[in-house]
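Undergrad: Predicted coordinates and the sequence they were generated for:
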2 protein chains.
Amino acid sequence: MPGPDAATPRGAARRDALVAAAAALLAAAGPDAVSHRAVARTAGVPLAATTYYFAGLDDLLAAATERIAAEELAAAGALVHALPRRRRSPAVTAAALVEVLLGRRRDDAELLAFYERFLATGRHPALRPVLRGTRDRVDALLVDVLQRCGRPGADVATLVAVVDGTILSALLEGDGRARERARDAVETLLRREALLAG
Amino acid sequence: MPGPDAATPRGAARRDALVAAAAALLAAAGPDAVSHRAVARTAGVPLAATTYYFAGLDDLLAAATERIAAEELAAAGALVHALPRRRRSPAVTAAALVEVLLGRRRDDAELLAFYERFLATGRHPALRPVLRGTRDRVDALLVDVLQRCGRPGADVATLVAVVDGTILSALLEGDGRARERARDAVETLLRREALLAG
DNA sequence: ATCGAACTGGTACGACCGTACAGCTTGGTT
DNA sequence: AACCAAGCTGTACGGTCGTACCAGTTCGAT
């Protein structure tokens, strides 16, 4: 076992290309689409490179998950940071929440792949800590969003659960309206919370 | 193509055994565990029987999903029907809701398989109408449950979404407490709705 | 008794999978 | 120039998969 740590610049670039390819597959078609061969083909490298740089498929999957998480956290963080502190309507607040939680995933296929990753945790334990950490950080960002929208009291856990659950049902429904359904559900909940608080 | 409609009693029994085996696999280990070979092995019939009675794997999967849906609806319906009409606390109401929604699935593996079926809809379109119909009927049962618990105003869609979303997060968490977390979340929401209504 | 349809089941094909490994190339050191 | 470890890759092994095929068997209707 020489060194799968990419000691060479070329090696590092290759490893990076593999992770990027795996991340693209994972985001577009879910965990089942991430195979050694598919990743190698997508990255334009020979099959054996995948086993050279990664101990096993789970390692590759974990690296891809981390990559996606990093990108997603960076984007979400920038979004939140750019959000001026000002009281906002339930509708606008809901839209901001969904934006931070789901990123730029809009169509059903992307959202499907997004949630498949969560359930894949059950079959690939290596993914669990990565996704759990990401979730925690996103939750923290959401707390910030609510504060910046003048709604510090709202329960983030419930709001996140409502988004997840609504998307799940909407994916079952099959029209492409999952995201806006989630936004509407959050808006309704926020309106109710406001009634309670006010 | 002779007749996969099981014209003979023995044939019908065999077809039934196959569906039962597929349903068991589906409920225990998710859609990916339902393969021709696994079903045949579980049912104790030769491999070729699976292709004789079912046009393809999707047909088998759809039949298994229907079987599970029928059993689950029967059990949930009996549960609701046996529920006396009387005002109940948020905690008891939440427990009843979760019982009807999740059935007897308690540990994480069963719940994982339960929700994997929903997402499998994205890859196996044949499952969509079956699961959608089941969801609608369960929703109707939940409306009944809420009425029988003296809480007619509660929003079923939101409550279901909260259960689904909470379970999803809890599965990511990985302790075995998914179900009780969902119950707690529903209880909290019911309590809040009661505040609004009262 | 015979015939044809329903049914049975052993087997095979081609595809994809994760992974291992033996041998090639490469680049830096002596 | 010689060398050697590290980097790299073609290829193959053993497995599971969906599906097709076809020679056999059963069995009720004629």
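TA: Sure thing, it's come through.

Undergrad: residues near the nearest residue to residue A:86 once chain neighbours are set aside, how many?
TA: Leaving out its chain neighbours, the residue that sits closest to residue A:86 by Cβ to Cβ, 6 or more residues apart in numbering or on different chains is residue A:150, at 6.9 Å. Where C-beta positions appear, they are placed from N, C-alpha and C, glycine not excepted. If you count neighbours by other Cβ atoms under 10 Å in any protein chain shown, residue A:150 ends up with 13.

Undergrad: What values do phi and psi take at residue A:150?
TA: Phi and psi for residue A:150, reported as degrees, to the nearest 10, are phi 80, psi 30.

Undergrad: before we move on, what about residue A:105?
TA: As for residue A:105, its main-chain torsions (degrees, to the nearest 10) stand at phi -60, psi 120.

Undergrad: is it true that the residue nearest to residue A:86 touches residue A:88?
TA: Yes - in this structure, residue A:150 is within contact of residue A:88 by Cβ atoms under 8 Å, at 6.4 Å.

Undergrad: pLDDT weak spots in chain A?
TA: A:1-7, A:198 (pLDDT under 70).

Undergrad: if you count residues, which helix in it comes out on top?
TA: For chain A, the helix with the greatest residue count under DSSP state H is helix A:57-81.

Undergrad: is any part of that one close to DNA strand C?
TA: Yes - remark: helix A:57-81 sits within contact range of DNA strand C at residue A:57, by Cβ under 7 Å from any atom of the strand.

Undergrad: so what's residue A:197 up against?
TA: Contact analysis of residue A:197 by Cβ atoms under 8 Å, 6 or more residues apart in numbering or on different chains lists residue A:153.

Undergrad: ok, so what distance separates it from chain B?
TA: 11 Å (Cβ to the nearest Cβ, to the nearest Å).

Undergrad: one step back: what is the longest helix of chain A packed up against?
TA: Helix A:57-81 sits against helix A:9-29, helix A:36-43, helix A:90-102, helix A:127-148, with contacts defined as 3 or more Cβ pairs under 8 Å, 6 or more residues apart in numbering or on different chains; DSSP states H and E.

Undergrad: Figure out which of the ones you listed is closest to DNA strand D.
TA: Smallest distance to DNA strand D across these (Cβ to the nearest atom of the strand): 3.3 Å, for helix A:9-29.

Undergrad: Does the closest one reach DNA strand D?
TA: Yes - applying Cβ under 7 Å from any atom of the strand, one finds helix A:9-29 touching DNA strand D at A:10, A:11, A:14.

Undergrad: in that helix, what's buried?
TA: A:11, A:14-15, A:17-27, A:29 (16 or more other Cβ atoms under 10 Å in any protein chain shown).

Undergrad: Is any residue of it near DNA strand C?
TA: No - between helix A:9-29 and DNA strand C, judged by Cβ under 7 Å from any atom of the strand, nothing touches; the nearest distance is 7.8 Å.

Undergrad: Repeat that for stretch A:31-42.
TA: Yes - counting by Cβ under 7 Å from any atom of the strand, DNA strand C has neighbours in stretch A:31-42: A:34, A:35, A:36, A:37, A:38.

Undergrad: Give me the neighbour count for the second one.
TA: Looking back up the chat, that one is residue A:35. Count around residue A:35 with other Cβ under 10 Å applied: 15.

Undergrad: you'd agree it is up against residue A:61?
TA: No - the pair residue A:35 / residue A:61 is not scored as a contact, 10.1 Å apart, by Cβ under 8 Å.

Undergrad: on that earlier part again, need the buried ones from the residues of stretch A:31-42 next to DNA strand C selected in ChimeraX.
TA: Buried residues within those, by 16+ other Cβ under 10 Å, are selected in ChimeraX with:
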select /A:34,36,38
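
Undergrad: Which two among the residues of stretch A:31-42 next to DNA strand C are spaced furthest apart?
TA: The distance between the two most remote of these (Cβ to Cβ) is 10.2 Å, for A:34 and A:37.

Undergrad: Residue A:104 - how many residues pack around it?
TA: 8.

Undergrad: where does chain A come near DNA strand C, residue by residue?
TA: Within chain A, the positions near DNA strand C by Cβ under 7 Å from any atom of the strand are A:34, A:35, A:36, A:37, A:38, A:47, A:48, A:50, A:51, A:52, A:56, A:57.

Undergrad: Run through the residues that contact the fourth one.
TA: Read it as residue A:37. residue A:47.

Undergrad: how much space is there between the nearest residue to residue A:11 once chain neighbours are set aside and DNA strand C?
TA: Closest residue in space to residue A:11, ignoring its immediate chain neighbours: residue A:53 at 7.5 Å, by Cβ to Cβ, 6+ apart. Using Cβ to the nearest atom of the strand, to the nearest Å, residue A:53 is found at 12 Å from DNA strand C.

Undergrad: Look up how far residue B:190 lies from residue A:53.
TA: 51 Å (Cβ to Cβ, to the nearest Å).

Undergrad: got it, and residue A:180?
TA: Distance from residue A:180 to residue B:190, counting by Cβ to Cβ: 26 Å.
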